[in-house]
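In: Please work out how this folds:
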Amino acid sequence: MSAPVTSTATADPTLPPLRRDARLFGWVTSHGLSSLGDTMIMVGLVYTAAQVAPPAQVGLVSAAAVLPQAVLGLLGGALVDRTEARRVMVAANLLLLLVMLGGLAVLLTTGASIWLLLAVALGAGTAMSMYNPATFAFPRQLRQVSEMGQVAGVRQLADRAAGIGGPPLAGLLVAALGLAGVLAAEAFLVAMVAVLLLLIRPRWPRERAGGANMWSDIRSGLAYIGRTPRVRGLLIAVAGLNVFAAPVTAVGLALRATDEGWGAGGLGVLLGSIGAAAALATVGMLRWRPRRPVLVALVALLGQAVGLVVVGFAPFPVALAATITVGLTAGVASPLLAGAVQAIVEESYLARVGSVIGLTDSAAVPLSVAGFGVLAGTASVAVACAVCGGGLILQLAYSLTRRELRQTSFATV
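Out: Numbers count the residues shown, from 1 in each chain. I've put the predicted structure just below:
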């Protein structure tokens, strides 16, 4: 089922070129600053928890930030589809600003405690459960459907930059000023994001959900995914990319570096190669518009699946080549798949579909990472990596049999 033609699907000669679109890059800047702040605050909270609480409670702080996104994400998506994405993003940032300022006030008054850290993490997760579906839906009000792949690529470059710069910046702030420095910096970033979003006007309205209430909108959103083969197939492909790759990069590489004596430096090289290769490939994708973007993404991910297997047993030079392959294929496939989802989903369902993707990240990925650790401990790292690579191959084989996915094109949605 194709999305109905709307104002975002028709050519608009008045649009500025994508590379000179101030509204688009204003949104990308706000998104990048938001991602930077999210990364910084989690590093600051977890590091501080390690100083004031036992190890078991440190994990609770990380879980407290993810839990609201898993529980409230679908509700956030329904809220965005019923209202205006930009307003929800602004409201979410104002909520996050209150959380940061409130946390800072309590910290300066009573000092750090596990209860304060849990409260800040829960508040931040609640704000993100509203913000993430909104920022997923908003690009369709800025650029044409045919450009969603490029828009997704620019957004992912901002995310990668935040992921690279956030941890060391948070570490410097914690070392110099403690958690108070991180909370103050996050409050400043959140205020900047809110101001930017207030200045960015959508170019056209977006069709909204029309259910009796948000619960009925959640049900209709899930039903839409179930009855729409292309959307359902794309969500399976995106979920596979995250569920099978994340355990290897998050846990597998660290275990290999420890077992083989590669040290922290070797681990840093392997992880850095993934990020650098992905960024390089994403930059290349900004200039290339394949006729069959989903097919290109799925074929590229076959190379990633092989790389995930090789990481589990190869010596360092070969493992490095494998991580570079993982990064390159992720940089090719991620913007194409994300852009395809944003392009083909009907406007009134965009945020709800985005919230389902977020649910995968906040619920399924942590479970797959935990399962990888158990399998690596009971069998071996090589076996765990082989299971992840093999699982991705099976998922890709299924996706490649779906004609509606192979033939998906931004030009025909």
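In: Mind listing what's buried along whichever strand or helix holds Ala278?
Out: In this structure, Ala278 sits in helix 263-285 according to DSSP states H and E. Along helix 263-285, these residues count as buried under the neighbour rule (16 or more other Cβ atoms under 10 Å): 266-267, 269-271, 273-279, 281-282, 285. The way it works is simple: take the backbone N, C-alpha and C, and place the C-beta from them, glycine included.
In: and it, how far from the chain's centre?
Out: In this view, helix 263-285 has its centroid 17 Å away from the chain centroid, taken as Cα atoms, centre = their mean, to the nearest Å.
In: same check, this time on stretch 285-303
Out: On the basis of Cα atoms, centre = their mean, stretch 285-303 sits 19 Å off its chain's mean C-alpha point.
In: Next: stretch 357-375.
Out: Average the C-alpha atoms of stretch 357-375, do the same for its chain, and the two points are 14 Å apart (Cα atoms, centre = their mean).
In: In contact with Glu84: list those residues for me.
Out: Listed by Cβ atoms under 8 Å, 6 or more residues apart in numbering, the contact set of Glu84 reads Arg206.
In: Backbone dihedrals for it, please?
Out: Summarising the backbone geometry of Glu84 under the convention degrees, to the nearest 10, its torsions are phi -120, psi 130.
In: what kind of secondary structure is the closest residue to Glu404 other than its chain neighbours in?
Out: If the residues on either side of it in the chain are set aside, Glu404 comes closest to Arg230, at 4.6 Å by Cβ to Cβ, 6 or more residues apart in numbering. Secondary structure, DSSP: H, G, I helix; E, B strand; the rest coil: Arg230 is helix.
In: May I ask you to confirm that Arg230 is in contact with Glu346?
Out: No: because the distance of 11.2 Å does not satisfy Cβ atoms under 8 Å, Arg230 is recorded as not touching Glu346.
In: if I look at those two, which residues touch both of them?
Out: Listed as contacting both Arg230 and Glu346 by Cβ under 8 Å, 6+ apart is no residue at all.
In: So between those two, which is more surrounded?
Out: Arg230 (22 against 16; other Cβ atoms under 10 Å).
In: how much space between that one and Gly171?
Out: Arg230 sits 43 Å away from Gly171, going by Cβ to Cβ, to the nearest Å.
In: got it, and Arg206?
Out: 40 Å.
In: So which of the two has more stuff around it?
Out: Neighbours of Arg206 and Gly171, each counted by other Cβ under 10 Å, are more numerous for Arg206; the result is 21 against 15.
In: tell me the SS of that one?
Out: For Arg206, the secondary-structure state derived from three-state DSSP is coil.
In: so how many other residues sit close to the closest residue to it other than its chain neighbours?
Out: In this structure, Arg206 finds its nearest non-sequential neighbour in Glu347, 5.0 Å apart by Cβ to Cβ, 6+ apart. A total of 23 residues lie near Glu347 under the criterion other Cβ under 10 Å.
In: Over to Thr323?
Out: Under the neighbour criterion other Cβ under 10 Å, Thr323 is assigned a count of 26.
In: and it, what does it touch?
Out: Neighbours of Thr323 in contact, by Cβ under 8 Å, 6+ apart: 249, 253, 270-271, 273-274, 277, 307, 311.
In: Look up how far Leu270 lies from it.
Out: For Thr323, the distance to Leu270 - Cβ to Cβ - is 5 Å.
In: Phi, psi for Arg291 please.
Out: phi -70, psi -30.
In: Check the gap between it and Ala212 for me.
Out: Here the criterion is Cβ to Cβ. By it, Arg291 lies 41 Å from Ala212.
In: Please apply the same query to Gly73.
Out: As defined by Cβ to Cβ, Gly73 lies at a distance of 21 Å from Ala212.
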